[in-house]
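Asks: could you look at this predicted model? Sequence included:
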Amino acid sequence: MIKVDLITGFLGSGKTTFIKKYVEYLASQHLRVAVIENDYGAINVDRMLLSEALEGKADVEMVIGGDKDCRIRRFKTKLISMGMQGYDRVIVEPSGIYDVDEFFDVLHEAPLDQWYEIGNVIALVNSRLEALSKQSDYVLASEVAYAGKIILSRVDEAKEDDIKHTIDHLNKALREHHSQRDITNDIIAKRWDDYRDEDFASIMESGYQLGIFYKQAIDDDFFRSLFFLNVHLDKAGLKQKANSVFRDPDVGHVIRIKGFVNEDGQWYEVNATKDDIHVEAINDGQEVIIVIGEQLDEEKLHQYFQ
Ligand SMILES: Nc1nc2c(ncn2[C@@H]2O[C@H](COP(=O)(O)OP(=O)(O)O)[C@@H](O)[C@H]2O)c(=O)[nH]1
Ligand SMILES: [Mg+2]
């Protein structure tokens, strides 16, 4: 059977960063690995970057978004077509809000149930958790509730108190959603550079949890990812726009801005939150700005990115 691992977490929580390290370990164990990226419509930059980074260590496949039914159908079709390719392990990175039950349901359906089994559900959480709305807190709790292990990212930037606060917050969020789980012992809080083979060997055995978790319906439009294509900005321009957008209450609650900009022929990936902006040179890109947040006003945002 092919094991499938699901890697959950908010955008920017470190899923892709973790997957790169994890795949390196799996490849060193001579396992044949594929990564499925759930991508946003027109944007395939993430997949391109990951393919490049994992060259020779894993294949990268993509499932394009859409509404729920369409997403499930495409995920299923992708898994069927991958079933005969001799993989030992498939790693799935969803984009945005993802219902873990959806994942379990697909894998339990024929014919996939004969080829695949669920390996691990792993949740990535920023160790310096920002203030969250009730809805985001619910999503966080739902991701953590199913996870076999919870991996904290940005430990290099966190103080011991931040980590303690984050663990307390997760436990509290779980209780608020009627989960009895205490995740304190299922947390891994390490800098990426400190991960060793034995850490990955244990992560490979994390499994998943099926506890009691009361589901809550979230309005389809509550969380949104908006795309602005062909935006001509340089690094400074994007930084300045991002700063204004994060501070403009009229556009909704912007959580994260991700973008690719070209400056003097060089591509850069920009990842921004309200307090932090990260810029990295990359080989190839596509002029696009992605704004993720709650109750976003598309028209108002369009005035910033047109
Ligand atoms: N300083 C620091 N940056 C990190 C860490 N993990 C991820 N990042 C950065 O955070 C940004 C988002 O990470 P990514 O793995 O793409 O998150 P994803 O959206 O969940 O896949 C990238 O710019 C990463 O380089 C970490 O532990 N420390
Ligand atoms: Mg990612």
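Replies: Structure received. Ligands and ions are numbered 1, 2, ... in the order given.

Asks: contacts only, for the closest residue to ligand 2 within the chain.
Replies: Of all residues in the chain, the one sitting closest to ligand 2 is Thr16 (3.3 Å; C-beta to the ion). (C-beta placed from N, C-alpha, C; glycine too.) Neighbouring residues of Thr16 by C-beta atoms under 8 Å, 6 or more residues apart in numbering: 46, 50, 93.

Asks: how far away is the first one from Asp250?
Replies: When you say that, I think you mean Asp46. Distance, Asp46 to Asp250, using C-beta to C-beta, to the nearest Å: 29 Å.

Asks: ok, these two, which is more surrounded?
Replies: Ranked by neighbour count (other C-beta atoms under 10 Å), Asp46 and Asp250 place Asp46 first, with 21 against 8.

Asks: using the three-state scheme, assign the more buried one.
Replies: Counting by DSSP: H, G, I helix; E, B strand; the rest coil, the backbone at Asp46 sits in helix.

Asks: same deal with Ser51?
Replies: Taking three-state DSSP as the rule, one finds Ser51 in the helix state.

Asks: what about Val63, how many residues close to it?
Replies: Val63 has 21 neighbouring residues, counting by other C-beta under 10 Å.

Asks: got phi/psi on it?
Replies: Main-chain torsions, Val63, degrees, to the nearest 10: phi -120, psi 130.

Asks: circling back to that earlier point, doesn't the residue of the chain closest to ligand 2 fall inside a strand?
Replies: No: assessed with three-state DSSP, Thr16 is helix; it does not lie in a strand.

Asks: model confidence at it, what's the number?
Replies: pLDDT for Thr16: 93.

Asks: how about Asn185?
Replies: According to the prediction, Asn185 has pLDDT 96.

Asks: how near is it to Asp199?
Replies: For Asn185, the distance to Asp199 equals 15 Å [C-beta to C-beta].

Asks: swap in Glu160?
Replies: 20 Å.

Asks: please apply the same query to Phe223.
Replies: From Phe223 to Asp199 the distance is 32 Å (C-beta to C-beta).

Asks: what do you get for Ser28?
Replies: 13 Å.

Asks: excluding sequence neighbours, find me the nearest residue to Lys78.
Replies: Distances taken as C-beta to C-beta, 6 or more residues apart in numbering put Val63 closest to Lys78, at 5.3 Å, once the chain neighbours are dropped.

Asks: now do the contacts for the one you found.
Replies: Listed by C-beta under 8 Å, 6+ apart, the contact set of Val63 reads 36-39, 71, 74-75, 78.

Asks: let's see that with 7 Å instead.
Replies: Listed by C-beta atoms under 7 Å, 6 or more residues apart in numbering, the contact set of Val63 reads 36, 38, 74-75, 78.

Asks: repeat that for Phe260.
Replies: 45, 267, 269, 285-288.

Asks: confirm it sits in a strand?
Replies: Yes: the assignment for Phe260 is a strand, going by three-state DSSP.

Asks: correct me if wrong: Gly148 contacts Asn120.
Replies: Yes: shown here, Gly148 and Asn120 form a contact pair, counting by C-beta atoms under 7 Å, at 5.2 Å.

Asks: show me the common contact partners of those two, please.
Replies: Residues touching both Gly148 and Asn120 by C-beta under 7 Å, 6+ apart: 206-208.

Asks: wait, which of these is closest to Gln303?
Replies: Nearest to Gln303 out of the shared contacts of Gly148 and Asn120 is Tyr208 (C-beta to C-beta; 43.3 Å).

Asks: thanks a lot, catch you later.
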